[in-house]
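Colleague: quick one, structure for this:
(one chain, ligands or ions: 1)
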Amino acid sequence: MIYTFKLSGENLNLSKFEVETLFKTKCTRRGKIATCNLTQSPKKLKEIAERSALIKKIYKNNVKVWEFKQGRYKLREPTARPAFHPTGMKPKMARMLVNLTGAKKEILDPFCGIGATLIEAGVLGLKVSGSDYDPRMLDRTKTNLKYYKIKPKKIFKADATKLSEHLRKNSLEAITCDPPYGQSSTTSDKNLRNLFRSFMNEAHKVLKKKGRLVIIIPSKLKIPGLIPKEFKRLGKFDWYVHGGLTRQIVVLEK
Ligand SMILES: C[S@@+](CC[C@H](N)C(=O)[O-])C[C@H]1O[C@@H](n2cnc3c(N)ncnc32)[C@H](O)[C@@H]1O
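Modeller: Residues are numbered from 1 along each chain as shown. The predicted model follows:
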């Protein structure tokens, strides 16, 4: 059955990729409209659409069959969460990262901060684990997860560049994260590059075959030579935040 999707406009190829990941299909895109041949029942289609971050409307034969609800993230916006930090991610972006992993059961965020991705993954019913090297951030994550009644599988202190000391190899279905951008004067671009490289090597060790890493890489870090060759790159999408900051959202598969 042919359906057309009206996509959110931050990056239209990214929105199309989210649709393709959620509905496990390939679509064609013209401007803000993606066209897909779907096999799911109408009920299942709506269920999947409710999970999405970047679908605005769905039509069948030019009749609207689904539309996103305005204000659906209101209760989980950064200022609504009990524990706040300026680096805390907005729920729409966190939801999108989780969706791009294609996770069915569980997910890890090894730079979890205040837990934005874990909140969205928990709301979707996934088992969530988070780590960070800053214990104050871990406390914030725990406070936030408790507030939203999400019971994590594991919250632990770890340097993400040594992840395989904490987790079994080939054990994880999905990882997503938003590592630091290195805007503080103490973090040089070279150190930041090393942090990303070392972390991605570790992520490759602990992921299962076909497991995905969805990572935000600041645009000042050039991608060639950064991503371990062992990963297959499924996509790279730019998300403009403001004048000084564009995020590169990179989807990798083991
Ligand atoms: C940009 S923030 C993450 C924000 C998070 N997505 C959220 O919404 O709260 C980056 C996080 O990485 C953590 N971090 C920095 N270097 C780390 C490392 N080597 N290992 C683990 N965590 C690290 C910081 O403590 C910080 O919480």
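
Colleague: can you tell me the SS state at the spatially most central residue of the chain?
Modeller: Central residue of the chain (C-alpha atoms, centre = their mean): L97, 1.4 Å from the mean position. Secondary structure for L97, judged by DSSP: H, G, I helix; E, B strand; the rest coil, is helix.

Colleague: partners of the closest residue to it other than its chain neighbours in the sheet?
Modeller: Leaving aside its chain neighbours, L97 sits nearest to T176 (4.4 Å; criterion: C-beta to C-beta, 6 or more residues apart in numbering). Where C-beta positions appear, they are placed from N, C-alpha and C, glycine not excepted. Note on T176: beta-bridge partners by DSSP bridges are V214.

Colleague: from E47, how far out is T176?
Modeller: 22 Å (C-beta to C-beta, to the nearest Å).

Colleague: compare the two (neighbour count), which wins?
Modeller: The neighbour comparison of T176 against E47 (other C-beta atoms under 10 Å) goes to T176, with 29 against 11.

Colleague: surely that one touches L213?
Modeller: Yes. Look at T176 against L213 with C-beta atoms under 8 Å: they come within range, at 7.4 Å.

Colleague: and the residue of the stretch 51-200 of the chain nearest the ligand?
Modeller: Relative to the ligand, the nearest point of the stretch 51-200 of the chain is G113 (2.3 Å; C-beta to the nearest ligand atom).

Colleague: ok, now which ones touch that residue?
Modeller: H85, T87, G88, M89, D132, M137, R140, T141, D178 (C-beta atoms under 8 Å, 6 or more residues apart in numbering).

Colleague: and if we set it to 7 Å?
Modeller: If you count contacts by C-beta atoms under 7 Å, 6 or more residues apart in numbering, G113 has them with H85, T87, G88, D132, M137.

Colleague: on the three-state scheme, it is what?
Modeller: The three-state label given to G113 by three-state DSSP is coil.

Colleague: now swap in L192 and tell me
Modeller: Criterion first, three-state DSSP; result for L192: helix.

Colleague: quick check: the gap between the closest residue to it other than its chain neighbours and K92.
Modeller: Closest residue to L192 apart from its sequence neighbours, by C-beta to C-beta, 6+ apart: G182 at 3.8 Å. As for G182, its distance to K92 is 24 Å (criterion: C-beta to C-beta).
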